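Asks: I would like to see how this sequence folds:
(chains A and B)
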Amino acid sequence: SQQGEEDPQALSIQEGENATMNCSYKTSINNLQWYRQNSGRGLVHLILIRSNEREKHSGRLRVTLDTSKKSSSLLITASRAADTASYFCATDAHSNSGYALNFGKGTSLLVTP
Amino acid sequence: NAGVMQNPRHLVRRRGQEARLRCSPMKGHSHVYWYRQLPEEGLKFMVYLQKENIIDESGMPKERFSAEFPKEGPSILRIQQVVRGDSAAYFCASSPGEGANVLTFGAGSRLTVL
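Replies: Alright, predicted model coming up:
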């Protein structure tokens, strides 16, 4: 079942602005990940944050995790046209004897020059 | 390092035919995952496999769909007697093992059922 839900569904900003996307989930997790998907392509892993971490940075990306609210946010600073893509959060859910990631429906980001 | 290879990239089938989608995981990865993505939707988990074992198939439809990951060769997602509702992009991902699974995705196979 889908665990994460991203918000907003779509976001349009201009180059140079910051983009913030949110993700809410329902059950306890071990970690939360963010992925990016360009149109017609596969997903690419961006960043992983563990349940005992509150914030993580990678280049222009900043991810926060609030386990008490079961939510995460992805901030892209100083956005570029090349950041245009769909962004998905993914949470792990224990299954039988392994872990499968569950993805939300994504936020579609459009960055205009 | 070729990454996760999926083929075919595009597949067209008529209703009632069979579709076979293949996935070769990244070198060194022994875990394979299949996901389905409908237009404007997120990825829905279908099945998680290790070599010769299905670990979790809770996302697989009960009928017509099957998956395998043999000792030798790629993982296969097989859809029998396809219907129009099976039209979607099917993505394969792989990971080196359990735990904090960072998935490496293939480019996807786009199935169109006429």
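Asks: The residue nearest the centre of chain B and residue A:11: what is the separation?
Replies: Nearest to the mean C-alpha position of chain B, by CA atoms, centre = their mean, lies residue B:34 at 3.6 Å. Residue B:34 sits 29 Å away from residue A:11, going by CB to CB, to the nearest Å. Where you see a C-beta, it was placed from the backbone N, CA and C, and this is true even at glycine.
Asks: What of residue A:57?
Replies: Distance from residue A:57 to residue A:11, counting by CB to CB: 21 Å.
Asks: Dig out what the residue nearest to the centre of chain B forms beta bridges with.
Replies: Counting by DSSP bridges, residue B:34 is bridged to residue B:47, residue B:92.
Asks: And for residue B:112?
Replies: Listed by DSSP bridges, the beta-bridge partners for residue B:112 are residue B:12.
Asks: need the contact list for it.
Replies: By CB atoms under 8 Å, 6 or more residues apart in numbering or on different chains, the contact set of residue B:112 is B:10, B:11, B:12, B:13, B:87.
Asks: Relative to residue A:22, which of the residues you listed is nearest.
Replies: Relative to residue A:22, the closest of the contacts of residue B:112 is residue B:87; by CB to CB it sits at 30.7 Å.
Asks: picking up where we left off before, residue A:57 and residue A:11: who's more crowded?
Replies: Per other CB atoms under 10 Å in any protein chain shown, whichever of residue A:57 and residue A:11 has more neighbours is residue A:11, with 18 against 11.
Asks: Dump the strand or helix carrying the more buried one to PDB, restricted to CA.
Replies: Using DSSP states H and E, residue A:11 sits in strand A:10-14. Written as PDB, here are the backbone C-alpha positions of strand A:10-14 (Å, rounded to 0.1, in the frame of the first residue of the first chain):
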ATOM      1  CA  ALA A  10       2.300  20.400  -8.400                       C
ATOM      2  CA  LEU A  11       4.600  23.400  -7.900                       C
ATOM      3  CA  SER A  12       5.700  26.100 -10.300                       C
ATOM      4  CA  ILE A  13       8.500  28.500  -9.400                       C
ATOM      5  CA  GLN A  14      11.100  30.700 -11.200                       C
END
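Asks: Against which helices or strands is whichever helix or strand comes after it packed?
Replies: Using DSSP H and E, the helix or strand that follows strand A:10-14 in sequence is strand A:19-24. Secondary-structure packing of strand A:19-24 (3 or more CB pairs under 8 Å, 6 or more residues apart in numbering or on different chains; DSSP states H and E): strand A:5-7, strand A:10-14, strand A:71-76, strand A:107-112.
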